[in-house]
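S.K.: Return atomic coordinates for the entry below.
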Amino acid sequence: MKFESGHLAELSPATPLEHTLAQEIIHAAWHLRRCASLEIAPAENLTDEELDRLQTSIDRARAAAQRTFHRSLKELRRLQAEPASGRGHNQAGHGGRRRHDEKSGGTAVAGRSGAGKEFCTTTQSLPEKTAVIPRSAPCPCESGEKYKRC
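M.R.: Okay, the predicted model is just below:
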């Protein structure tokens with residue numbers, strides 16, 4: 001508990017998402033500490049081959065924990081650097097609920113802002129639908145070849 005509370009105090013998560021990232025950082029830090037303790041005092045009565053396999057496993061676990069630690073810390077710091085007014089507002093591409101916008105033919109991202117807007121005004125166009133040409137049909141470029149060979 002002391003390990004976790006110390007990290008939480010330093011990371012200062014303010015939102016549920018920041019708290020989740022802080023928990024990921026704490027979990028990764030615990031794994032890093034566990035890897036170090038296994039290296040310092042490996043289990044006794046192991047053969048050289050078993051020690052080599054153990055070291056390989058520890059190295060893999062350490063690399064994965066470091067990636068998680070640094071990626072989560074970077075994301076947490078990015079979130080904490082955002083202005084406080086924008087923290088609760090979902091942005092396009094950041095987990096907002098999407099709905100089809102009938103007027104513009106695009107997709108709007110649902111989110112709440114401090115002003116109480118129901119939906120963001122950011123829209124994203126839907127891709128144009130292209131005609132599906134069967135593989136055995138003649139090529140539309142009029143080369144005389146079949147579509148799949150042209």
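S.K.: mind giving me the domain split of this structure?
M.R.: 2-81, 93-125 (automatic domain parsing).
S.K.: Would you mark the buried spots in the strand or helix carrying R34?
M.R.: Assigned by DSSP states H and E, R34 belongs to helix 16-40. Neighbour counts over helix 16-40 (16 or more other Cβ atoms under 10 Å) mark 17-18, 21-29, 31-32, 35, 38 as buried. For every residue, glycine as well, the C-beta is placed using N, CA and C.
S.K.: on that earlier part again, let's have the domains of the chain in JSON lines, adding mean pLDDT and distance to G144.
M.R.: Output for the domains of the chain, formatted as JSON lines (pLDDT from 0 to 100; distance: least, Cβ to Cβ, whole Å):
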{"stretch": "domain 2-81", "mean pLDDT": "91", "distance to G144": "54"}
{"stretch": "domain 93-125", "mean pLDDT": "49", "distance to G144": "36"}
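S.K.: quick check, nearest of the buried residues of helix 16-40 to P140?
M.R.: Proximity of those to P140 (Cβ to Cβ) peaks at L17, which lies at 48.9 Å.
S.K.: wait, doesn't the closest one sit right on R78?
M.R.: No - using Cβ atoms under 8 Å, L17 is not in contact with R78, being 11.1 Å away.
S.K.: got the buried residues for the longest helix anywhere in the chain?
M.R.: When the chain is parsed with DSSP state H, its longest helix is helix 48-81. Within helix 48-81, the residues that count as buried by 16+ other Cβ under 10 Å are I58, R62, A65, T68, F69, S72, L73, L76, L79, Q80.
S.K.: possible to save these as a markdown table with distance to R149?
M.R.: Formatted as a markdown table, the buried residues of helix 48-81 follow (distance: Cβ to Cβ, whole Å):
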| residue | distance to R149 |
| --- | --- |
| I58 | 55 |
| R62 | 53 |
| A65 | 52 |
| T68 | 48 |
| F69 | 52 |
| S72 | 50 |
| L73 | 53 |
| L76 | 53 |
| L79 | 52 |
| Q80 | 56 |
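S.K.: ok so, going back, put together CSV for the domains of the chain, with distance to C139 on each row.
M.R.: Listed next are the domains of the chain as CSV, based on distance: least, Cβ to Cβ, whole Å:
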stretch, distance to C139
domain 2-81, 47
domain 93-125, 29
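S.K.: which helices and strands does the longest helix of the chain pack with?
M.R.: The contact analysis (3 or more Cβ pairs under 8 Å, 6 or more residues apart in numbering; DSSP states H and E) places helix 48-81 against helix 16-40.
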